[in-house]
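> Prediction below, plus the sequence it came from.
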Amino acid sequence: MLYVILEAVISVLLIAGGLFAFIGSLGLAHLRDFFMRLHGPTKATTLGIGCMLIASMLYFSVTQSEWHLQELLITLFLFITAPVSAHLLAKVGLHQRLKFVDKTRGKPVEFLDEDIGGKPLSDSSDSNS
Amino acid sequence: MMRLRSWLPTPGLSLLLLIVWLLLVNEVSVGHLLLGGILAIAIPRLTSRFWDRKPTVHKPMKLLLFFLRVVGDIIVANLQVARIILSPWHRSRPHFVEYPLMLEERFAITILASTITLTPGTVSANLRMDGKTLLIHALDAEDDATLIRTIRERYEQPLKEIFEC
């Protein structure tokens, strides 16, 4: 009985994981501009993979009757690295001045010299060349 | 005590590294405890000069609460983003917002920026070199003020209490 319940939980997690990963990829293809596309892989995909990893952890812990916790590490690393890579991608997009859809409100920053490495931060006060 | 401090400048980090090592090999034995222990002592000592300042956690319980809240928000964020992606007639309102930061500690800002990226409809896009404002791209935002207030109340305030107070 317990096994059946666990099996159901694992199946639901796997299906949910697959769905979220699919939606994330769909967003990557379907949304209008670069900055909107970034939202798909950073959110939907992380949760999708998180679900699958939890399912895998449960399955192997139950069937092999020993704890499998490596998946926790994968989840941890994924959740640390995904925002950083997304941030860098967005930053590159800004530097390349990629186009974004017209209905976007607000403006991206105008880069200051120090933001793009035009001049070092330390002498920003005493030199204005 | 002084000797212990000089050997283990960051006990928390060392413990974390040991746990990560044991999880990686997926086995607890004397050999791996020893090897993991050596790594857990050596790695923080070798990398200590790259850390500009060690973050201090003032309220560990708050940190745990914050973590749980972020996990909950990640799930909500996914459902929201899924809804926007799946419904072609749903008019998304993309938005660039410049968010004025209250936090000053760089580590806390890093955590805030990562949290913003992982949670509802927002990606942090650019941090100014002076560390005063963070540019956020929102997939579907009502208006600037609401978004800024939400982030301030839900994430920045707790982080400020945890790391800076």
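Structure's in. What do you need?

> Report the central residue of the chain.
Answering for chain A, as no chain was given. A:Thr42 (2.3 Å; C-alpha atoms, centre = their mean).

> nope, chain B please
Centre-nearest of chain B using C-alpha atoms, centre = their mean is B:Ile111, 2.8 Å out.

> hang on, it packs against B:Pro158?
No: B:Ile111 is beyond contact range of B:Pro158, at 10.4 Å (criterion: C-beta atoms under 8 Å). Glycine gets a C-beta too; all of them are placed from N, C-alpha and C.

> can you tell me if the helix or strand containing A:Ile80 touches chain B.
Assigned by DSSP states H and E, A:Ile80 falls within helix A:70-95. Yes: residues of helix A:70-95 contacting chain B under C-beta under 8 Å from any C-beta of the partner chain: A:70, A:72-73, A:79-80, A:82-84, A:86-87, A:90-91, A:93-94.

> In the helix or strand encompassing B:Ala40, which residues are buried?
Assigning secondary structure by DSSP H and E places B:Ala40 in helix B:30-47. In terms of neighbour count (16 or more other C-beta atoms under 10 Å in any protein chain shown), helix B:30-47 has its buried residues at B:32, B:36, B:40-41, B:44.

> Run the chain-centre distance for the helix or strand following that helix.
Using DSSP H and E, the helix or strand that follows helix B:30-47 in sequence is helix B:60-86. With C-alpha atoms, centre = their mean, to the nearest Å as the basis, helix B:60-86 stands 13 Å off its chain's centre.

> what about the chain, any weak spots by pLDDT?
Since you didn't name a chain, this refers to chain A. Residues of chain A meeting the criterion pLDDT under 70: A:102-129.

> I was after chain B.
B:1-9, B:52-55, B:88-91, B:120, B:129-131, B:141, B:164-165.

> Up against chain A, what does it have?
Counting by C-beta under 8 Å from any C-beta, chain B sits next to chain A at B:20, B:23-24, B:26, B:74-75, B:77-78, B:81-82, B:84-86, B:88, B:92-98, B:113-118, B:121, B:123-126, B:128-130, B:133, B:135, B:137, B:139, B:144.

> and those residues, which are buried?
B:20, B:23, B:74, B:77-78, B:81-82, B:84-85, B:92, B:94-98, B:113-118, B:121, B:123-126, B:128, B:135, B:137, B:139, B:144.

> Tell me if the longest helix seen in chain A is near chain B.
Counting residues, the longest helix found in chain A (DSSP state H) is helix A:2-30. Yes: against chain B, helix A:2-30 shows contacts by C-beta under 8 Å from any C-beta at A:20, A:23, A:26-27, A:30.

> picking up where we left off before, what residues of the helix holding A:Ile80 count as buried?
Applying 16+ other C-beta under 10 Å to helix A:70-95 flags A:70-71, A:74-75, A:79, A:82-83, A:86-87, A:89-91, A:93-94 as buried.

> Show residues contacting the helix or strand hosting B:Ser124.
Using DSSP H and E, the secondary-structure element containing B:Ser124 is strand B:122-127. Here strand B:122-127 makes contact (C-beta atoms under 8 Å, 6 or more residues apart in numbering or on different chains) with A:35, A:38-39, A:42, A:83, A:86-87, A:90-91, A:93-94, A:108-109, A:115, B:96, B:109, B:113-114, B:116-117, B:133-139, B:141, B:147, B:151.

> strand partners of that strand, parallel vs antiparallel please.
Partner strands and pairing direction for strand B:122-127 (DSSP bridges) are strand B:133-138 (antiparallel).

> which residues does B:Arg49 contact?
No contacts exist for B:Arg49 under C-beta under 8 Å, 6+ apart.

> same thing with B:Arg152?
B:Arg152 neighbours (C-beta under 8 Å, 6+ apart): B:Met102.
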